[in-house]
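Q: Compute the structure for the input listed below.
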Amino acid sequence: MKRCGWVGEDPIYIAYHDTEWGVPEYDSRALWEKLILDGFQAGLSWITILKKRDNFRRAFAGFDPNAIAGWGEPEIERLLADPGIIRHRGKIAATIGNAQAWQRIEAAQGFDRFLWDYVGGAPLQNRWATLAEVPAFTPLSEQISKDLKKAGFRFCGPTIVYAFMQAVGMVNDHVVTCPRHADLAQPG
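A: Residues are numbered from 1 along each chain as shown. As a prediction, the model looks like this:
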């Protein structure tokens with residue numbers, strides 16, 4: 001199998017690439033979790049987040065935004081003392097605010113619909129021959145970032161949003177030589 005070049009030999013990366021990255025995700029809570037994790041990844045490698053993902057899930061109440069939305073300084077202090085996660089006050093505080101923003105969007109239209117409406121409900125099918133062709137961000141990720149920020153989200157710049165869009169299958173950015181590209185290009 002000729003996977004996308006970013007995968008390398010790490011079994012965690014291989015499993016993530018082969019079973020999760022680029023697979024369309026339509027669950028509102030799961031979408032929120034992935035956006036939060038992409039925000040925590042800013043400035044770090046994605047493998048760092050993958051290796052700590054179970055710790056994040058434990059520390060952040062299974063990424064239940066309804067639970068997290070009510071958190072305050074005691075929870076921030078608890079999380080800052082947790083060596084199993086990325087201990088960044090700004091990102092932790094943003095997660096609480098992002099949970100509150102998620103609640104507003106979820107109540108108004110559903111966070112899943114809010115996001116998937118940008119791509120007409122189906123993944124955009126790119127046909128990149130090499131990793132060098134894959135953009136870091138696009139005009140669409142810039143627009144989604146702007147709209148998320150307007151809704152109250154933080155740590156959701158255009159590059160973070162594009163990485164998120166790739167991860168949750170809003171865009172199929174597997175290179176065309178990767179078997180997953182064809183798998184994910186199939187309707188349904």
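Q: Could you pull up the contacting residues of Ala136?
A: Applying Cβ atoms under 8 Å, 6 or more residues apart in numbering to Ala136 gives the contacts 159, 162. C-beta: built from backbone N, CA, C; applies to glycine.
Q: Same check on Gly169?
A: 22-25, 123, 184.
Q: Now do the contacts for the nearest residue to it once chain neighbours are set aside.
A: Closest residue to Gly169 apart from its sequence neighbours, by Cβ to Cβ, 6 or more residues apart in numbering: Pro24 at 3.5 Å. Pro24 makes contacts with 122-123, 168-170, 184, as judged by Cβ under 8 Å, 6+ apart.
Q: remind me, longest helix of this protein?
A: For the chain, the longest helix by residue count, based on DSSP state H, is helix 89-108.
Q: Roughly how far does the residue of the chain most remote from its centre sit from Ala101?
A: For the chain, the largest distance from the centre (Cα atoms, centre = their mean) belongs to Pro74, which lies 26.1 Å off. Pro74 is 21 Å from Ala101, where distance means Cβ to Cβ, to the nearest Å.
Q: And Asp27, by the same measure?
A: Counting by Cβ to Cβ - Asp27 and Ala101 are separated by 17 Å.
Q: mind checking how far Glu33 is from Glu142?
A: Glu33 sits 23 Å away from Glu142, going by Cβ to Cβ.
Q: hmm, back to that, which parts of the longest helix of the chain are buried?
A: When burial is assessed from 16 or more other Cβ atoms under 10 Å, helix 89-108 yields the following buried residues: 91-96, 98-103, 105-106.
Q: What of stretch 70-83?
A: Neighbour counts over stretch 70-83 (16+ other Cβ under 10 Å) mark 71, 75, 79 as buried.
Q: Can you dump the C-alpha atoms of it in PDB for me?
A: C-alpha atoms of stretch 70-83 as PDB (Å, rounded to 0.1, in the frame of the first residue of the first chain):
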ATOM      1  CA  GLY A  70     -19.900  25.100  32.700                       C
ATOM      2  CA  TRP A  71     -16.300  24.700  33.800                       C
ATOM      3  CA  GLY A  72     -14.300  27.500  35.300                       C
ATOM      4  CA  GLU A  73     -11.000  28.200  37.100                       C
ATOM      5  CA  PRO A  74     -11.000  25.100  39.300                       C
ATOM      6  CA  GLU A  75     -11.100  22.900  36.200                       C
ATOM      7  CA  ILE A  76      -8.500  25.000  34.400                       C
ATOM      8  CA  GLU A  77      -6.200  24.600  37.400                       C
ATOM      9  CA  ARG A  78      -6.800  20.800  37.400                       C
ATOM     10  CA  LEU A  79      -6.000  20.500  33.700                       C
ATOM     11  CA  LEU A  80      -2.900  22.700  34.000                       C
ATOM     12  CA  ALA A  81      -1.600  20.100  36.500                       C
ATOM     13  CA  ASP A  82      -2.400  17.100  34.300                       C
ATOM     14  CA  PRO A  83       0.900  15.800  32.600                       C
END
